[in-house]
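K.L.:
pasting the structure only:
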Ligand code: CA
């Protein structure tokens, strides 16, 4: 199962290390950026699933990073939790106005931070935070890798499972073959684009084993999406 990627943007080394350690302990994949510019480059290279963003940063401030990410359609929906030493209500409001999804005032407990991370993920990307995910009549137990549809067991190969896992994180969203390749096979392997079609075919067949309907939609010249409702 691919891990949820969190980008931590924090220039105070002690806090960055503490966040990295605790998030990794919770099985998140963590990248640390120490200033706003590095954070923006990092997001451009590989979009994280969530960003923990410090307010006061060298070069480009947290507020500015947030504003720039929200201004671009490709990054506008990445969940952001702002960290700040300021506790004034006015700043809190300003932070939320720039588009942060949640707000945490330093000093905070790691337990509280992890709870906020899970809450934001659950609200924005339900497929990421929970072990058991329901999309229409399909239920995926991510802890045991068991998939059922209307209580009937669906057997999937590892690649088909990863494809389904990727789709359930973004129900209804259309993915190109290239995007699926990068997400499921990774960017560092060479796989022919039609391999995606082969595995989509297998996933379709497995999901429709009991004639419950084909939940995968082919979008001409665009790609595929999961529509289980
Ligand atoms: Ca700082």
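P.N.:
Done, it's in. Just so it is clear, the model here is predicted, and its values are computed rather than measured.
K.L.:
in the sheet, who's paired with residue 82?
P.N.:
residue 53, residue 103 (DSSP bridges).
K.L.:
so it sits against residue 106, correct?
P.N.:
No: the criterion here is CB atoms under 8 Å, and residue 82 misses it with residue 106 at 10.7 Å. The C-beta positions use only the backbone N, C-alpha and C, and glycine is treated the same way.
K.L.:
settle it for me: which of those two has more neighbours?
P.N.:
With neighbours defined as other CB atoms under 10 Å, residue 82 and residue 106 compare such that residue 82 has more, 27 against 14.
K.L.:
how about the residues of this structure by the ion?
P.N.:
Contacts of the chain with the ion, taken as CB under 5 Å from the ion, map to 11, 54, 56.
K.L.:
run the last query once more with 8 Å
P.N.:
10, 11, 12, 15, 54, 55, 56, 57, 62, 83, 85 (CB under 8 Å from the ion).
K.L.:
wasn't the second one part of a strand?
P.N.:
So that's residue 11. No: assignment of residue 11 by DSSP: H, G, I helix; E, B strand; the rest coil gives coil, placing it outside any strand.
K.L.:
for it, what are phi and psi?
P.N.:
phi -90, psi -20 (degrees, to the nearest 10).
K.L.:
got the contact list for the closest residue to it other than its chain neighbours?
P.N.:
Nearest non-adjacent residue to residue 11, counting by CB to CB, 6 or more residues apart in numbering: residue 34, 5.1 Å away. Residues counted as contacts of residue 34 (CB atoms under 8 Å, 6 or more residues apart in numbering) are 9, 10, 11, 13, 16, 58.
K.L.:
dump these to TSV, plus pLDDT and neighbour count.
P.N.:
What follows is the contacts of residue 34, written out as TSV (pLDDT from 0 to 100; neighbours: other CB atoms under 10 Å):
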residue	pLDDT	neighbour count
9	97	31
10	96	24
11	95	17
13	95	10
16	96	19
58	88	11
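K.L.:
what about the closest residue to residue 200 other than its chain neighbours, neighbour count?
P.N.:
Nearest non-adjacent residue to residue 200, counting by CB to CB, 6+ apart: residue 224, 5.8 Å away. Neighbourhood size, residue 224 [other CB under 10 Å]: 23.
K.L.:
and the pLDDT for the residue nearest to residue 11?
P.N.:
Looking at residue 34, its pLDDT is 96.
K.L.:
over to residue 189?
P.N.:
76.
K.L.:
so who does it touch?
P.N.:
Contacts of residue 189 by CB under 8 Å, 6+ apart: none found.
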